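1. whatever this is, show me its structure:
(one chain, ligands or ions: 2)
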Amino acid sequence: MVLVAGVDSSTQSCKVTIVDAGTGRTVRTGKAAHPDGTEVNPSHWWSALLEAADDAGGLGDVAAVAIAGQQHGLVLLDSGGRVLRDALLWNDTRSAEAAGALVAELGPVALARRCGSVPVASFTITKLRWVRENEPDIAARVAAVALPHDWLTWRLRGFGPAGESPLGPELEELSTDRSDASGTGYWQPAGGSYDLELFEVALGRPAREAGRTPGGQAAETVILPRVAAPSETVGTVAAGLLDGVPANAVKIGAGAGDNAAGALGLGAVRGDVVVSIGTSGTVFAVSDTPPNDPSGTVAGFADAAGAFLPIAVTLNAARVLSTTAALLGVDFGGLAELAMAAQPGSAGVVLVPWFEGERTPNLPHAQASLHGLSIASTTRENLARAAIEGMLCGLADGLDAVAATGVSAQRVLLIGGAAQNPAVQAVAAQVFGVPVAVPQPGEYVARGAAAQAAWLLSGERPQWPLAFAGEPVQDGRPEVRRQYGEYRRQAAGAANNAAPGGALPRG
Ligand SMILES: Nc1ncnc2c1ncn2[C@@H]1O[C@H](COP(=O)(O)OP(=O)(O)O)[C@@H](O)[C@H]1O
Ligand SMILES: O=C(CO)[C@@H](O)[C@H](O)COP(=O)(O)O
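-> Ligands and ions are numbered 1, 2, ... in the order given. So this is what the prediction gives:
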């Protein structure tokens, strides 16, 4: 039996899954928490990865590993490979005004054409502009820019600051993959190369791809990770990092952005739309054509298998439910019971759940709002259901936007931590307008990374079976989305009026 390992270094935790490469059977799993917050020192990701690998029984018996990670996070390295500041994460909205400025300078239509997306605060490129404007001393010391999965892969290969790593700070060895590069805002999914001019517009300094040094680059040129091919082996796990893993014993794959890895882990095919309800809410599909949405609602990423991944992302997803459950003093099971005791539409109660601002729609300074409250409708049951309905209606808006790019949605695959909630499944069957299937509970992002590890070993993408936990009966309730839409428009208007500097430009 050949074992492979997949890592999902996501916002809230690091998950490690050990899989039988031949059958796709999950053999062992491990997990370790990440700190909360929208900026995190990458050292926490590294220690969580080591802890999760140990929790999964170690990598001593696996032949290959790949790392998937939360997208967009800005890892800034100096010439000694040291991290210059905590990484600004995808859910940090302080670069919202920088995003608006870049869109105003370059134009949404041109940006969508050049890098597949119209950047919002989540995108790496906006965070670079923010650092340039707010932390110029740090911007001046940047020698390389990496994403979370890039930096973890580099560390696992043994690179890093002198004294903290066996192989030292070799920045030329930084690597990434198409899917994560496409979330930076300075890589072209259609063309398959960096748009170095966009990088320089953001940071104010030139950049080049690692390993490509045409005749003596100036010192101020920033190194960007080399974009590896989907089934490429980028190195091996360094000796001494993991118990029981000798030098060159475990191959390392290119890795991927978490959503592309999720598609790989599910074996998503054309017609599938994946809805993932984790820290972020994501709606994505695998497409043969590079999407180009100048409205910015759909980001045009690349997938992890050579195709493309149109995606809509919400900032408020699983934490809408954990926040509401805490307010009601119940656990997730109790939240489900309360929600299922209410009627579809929650008796007119609507939660527009923009607790942390919102990415889709692009309202980074918005706040959540509750509507339709009366003496009769203000019940625990209606509030519980309104939280689930509001969160899922936001994702249904994303599904409509992804479908509008030409994706034919035949089936929703519902994954992520909150997908296991029976009330979430029931409401999903009422608001998505497409049959919903719920895969067996599992870490599909880590599974996708494991599939990539199996792929690099065999030379063929594995065709692992997908087991399902259920298919909630489709029970279309268009009235739920209609009432949500009315209040969403009101809330968006209020948010734009209250936004510092007025509404942000978007396509
Ligand atoms: N039964 C449940 N009902 C609702 N939400 C849940 C349930 N189980 C887990 N969650 C939520 O899912 C989250 C973890 O989902 P996950 O997809 O692992 O997040 P991420 O990948 O963003 O770290 C938890 O933080 C929790 O809020
Ligand atoms: O920003 C995006 C995708 O554009 C998010 O999907 C992040 O990649 C975070 O993922 P999770 O931690 O929620 O899995």
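2. so which elements touch the host helix or strand of residue 234?
-> In this structure, residue 234 sits in strand 233-236 according to DSSP states H and E. The helices and strands touching strand 233-236, judged by 3 or more Cβ pairs under 8 Å, 6 or more residues apart in numbering; DSSP states H and E, are strand 251-253. (Glycine included, C-beta is placed from N, CA and C.)
3. tell me the helix or strand right after the strand it packs on.
-> Sequence-wise, the next helix or strand downstream of strand 251-253 (DSSP H and E) is strand 256-257.
4. any idea how far ligand 2 is from the closest residue to ligand 1 within the chain?
-> Among all residues of the chain, residue 417 sits closest to ligand 1, at 2.1 Å; criterion: Cβ to the nearest ligand atom. The gap separating residue 417 from ligand 2 is 9 Å, by Cβ to the nearest ligand atom, to the nearest Å.
5. any idea how far ligand 2 is from residue 3?
-> For residue 3, the distance to ligand 2 (Cβ to the nearest ligand atom) stands at 24 Å.
6. show me which residues of the stretch 151-300 of the chain sit near ligand 1.
-> Residues of the stretch 151-300 of the chain lying near ligand 1 by Cβ under 6 Å from any ligand atom: 278-279.
7. low pLDDT regions in the stretch 151-300 of the chain?
-> 213-219 (pLDDT under 70).
8. tell me where it has helices.
-> Assigned by DSSP state H, counting those that start in this stretch, the helices in the stretch 151-300 of the chain fall at 178-181, 196-203, 258-266.
9. contacting residues around residue 116?
-> Residue 116 is in contact with 182, 188-190, 290-292, 299-302, counting by Cβ atoms under 8 Å, 6 or more residues apart in numbering.
10. from those residues, which would you call buried?
-> Buried members of the contacts of residue 116, counted by 16 or more other Cβ atoms under 10 Å: 182, 188-190, 290-292, 299-302.
11. so which of these is the closest to ligand 2?
-> residue 299 (6.2 Å).
12. contacting residues around the helix or strand where residue 489 lies?
-> Assigning secondary structure by DSSP H and E places residue 489 in helix 478-498. The contact list for helix 478-498 (Cβ under 8 Å, 6+ apart) reads 344-345, 348, 350, 352, 354, 361, 363, 365-367, 369, 371-372, 389-390, 393-394, 396-397, 427, 430-431, 433, 502-503.
13. mind checking which of the residues you listed land in strands?
-> 350, 352, 369, 371 (DSSP state E).
14. before we move on, the earlier item: paired strands for the strand holding residue 234, with orientation please.
-> Strand pairing for strand 233-236, using DSSP bridges, gives strand 251-253 (antiparallel).
15. in the partner strand, what counts as buried?
-> 251-253.
16. JSON lines for those residues, including distance to residue 486?
-> JSON lines is the format used below for the buried residues of strand 251-253 (distance: Cβ to Cβ, whole Å):
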{"residue": "251", "distance to residue 486": "54"}
{"residue": "252", "distance to residue 486": "50"}
{"residue": "253", "distance to residue 486": "47"}
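17. between those residues, which is closest to residue 237?
-> Using Cβ to Cβ, residue 252 is the member of these that lies nearest residue 237, at 6.3 Å.
18. ok, now which ones touch that closest one?
-> 64-67, 153, 156-157, 233-237.
19. number of residues surrounding the nearest residue to it once chain neighbours are set aside?
-> Residue nearest to residue 252 in three dimensions, not counting chain neighbours: residue 235, with 5.0 Å by Cβ to Cβ, 6 or more residues apart in numbering. For residue 235, the neighbour count with other Cβ atoms under 10 Å is 21.
20. next one: residue 408
-> When counting by other Cβ under 10 Å, one arrives at 11 neighbours for residue 408.
21. same deal with residue 490?
-> Under the neighbour criterion other Cβ under 10 Å, residue 490 is assigned a count of 14.
22. if we can go back for a sec, also within reach of ligand 2: list those from the contacts of residue 116.
-> Restricting these to those near ligand 2 - Cβ under 6 Å from any ligand atom - leaves none.
23. now, which of those lie within strands?
-> Using DSSP E, the contacts of residue 116 in strands are 188, 299-302.
24. now render those as a markdown table, adding distance to residue 7.
-> Below are those laid out as a markdown table (distance: Cβ to Cβ, whole Å):
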| residue | distance to residue 7 |
| --- | --- |
| 188 | 27 |
| 299 | 23 |
| 300 | 26 |
| 301 | 20 |
| 302 | 20 |
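25. can you tell me which two in the residues you listed are farthest apart?
-> Largest separation among those by Cβ to Cβ: 188 and 299, giving 13.5 Å.
26. OK, contacts around residue 377?
-> 346-349.
27. kindly recompute the last result at 6 Å.
-> Contact analysis of residue 377 by Cβ atoms under 6 Å, 6 or more residues apart in numbering lists 347-349.
28. now residue 45
-> With contact set as Cβ under 6 Å, 6+ apart, residue 45 has these partners: residue 9.
29. how about 7 Å then?
-> Residue 45 makes contact with 9, 14, 34, 148, 152, according to Cβ atoms under 7 Å, 6 or more residues apart in numbering.
30. top of those by neighbour count?
-> residue 9 (31 neighbours).
31. that one - nearest residue in space that isn't next to it in sequence?
-> What sits nearest to residue 9 in space, not counting adjacent residues and going by Cβ to Cβ, 6+ apart, is residue 69, at 4.2 Å.
32. neighbours of that neighbour, how many?
-> Neighbourhood size, residue 69 [other Cβ under 10 Å]: 29.
33. who's it bridged to?
-> residue 9, residue 257.
34. and the one helix or strand residue 402 maps to, what's buried?
-> Assigned by DSSP H and E, residue 402 belongs to helix 380-404. Within helix 380-404, the residues scored as buried using 16+ other Cβ under 10 Å are 380-403.
35. same question for stretch 44-61.
-> Within stretch 44-61, the residues that count as buried by 16+ other Cβ under 10 Å are 44-46, 48-53, 55-59, 61.
36. please flag which of the residues you listed sit within helices.
-> 44-46, 48-53, 55 (DSSP state H).
37. nearest to ligand 2, of those?
-> The nearest one, if we look at these relative to ligand 2 and count by Cβ to the nearest ligand atom, is residue 45, at 11.7 Å.
38. returning to that earlier point: filter the buried residues of stretch 44-61 by proximity to ligand 1?
-> Among these, no residue is within reach of ligand 1 (Cβ under 6 Å from any ligand atom).
39. and the one helix or strand residue 16 maps to, anywhere near ligand 1?
-> Per DSSP H and E: residue 16 is located in strand 13-20. Yes - using Cβ under 6 Å from any ligand atom, strand 13-20 comes into contact with ligand 1 via residue 13.
40. so that strand versus helix 258-266, what angle?
-> 30 degrees (axes from the mean of the first three to the mean of the last three Cα atoms, to 10 degrees).
41. show me which residues of strand 13-20 are buried.
-> Neighbour count says strand 13-20 has 13-20 buried, by 16+ other Cβ under 10 Å.
42. got the CA coordinates for it in CSV?
-> Only the C-alpha atoms of strand 13-20 are listed here, as CSV (Å, rounded to 0.1, in the frame of the first residue of the first chain):
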residue,chain,number,x,y,z
SER,A,13,-6.6,25.3,11.4
CYS,A,14,-4.2,22.9,9.7
LYS,A,15,-5.5,19.5,8.7
VAL,A,16,-3.4,16.6,7.6
THR,A,17,-4.9,13.6,5.8
ILE,A,18,-3.0,10.3,5.1
VAL,A,19,-4.5,8.4,2.1
ASP,A,20,-4.0,5.1,0.4
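43. each with direction, which strands does that strand pair with?
-> Counting by DSSP bridges, the strands paired with strand 13-20 are strand 3-9 (antiparallel), strand 26-33 (antiparallel).
44. no further questions, thank you.
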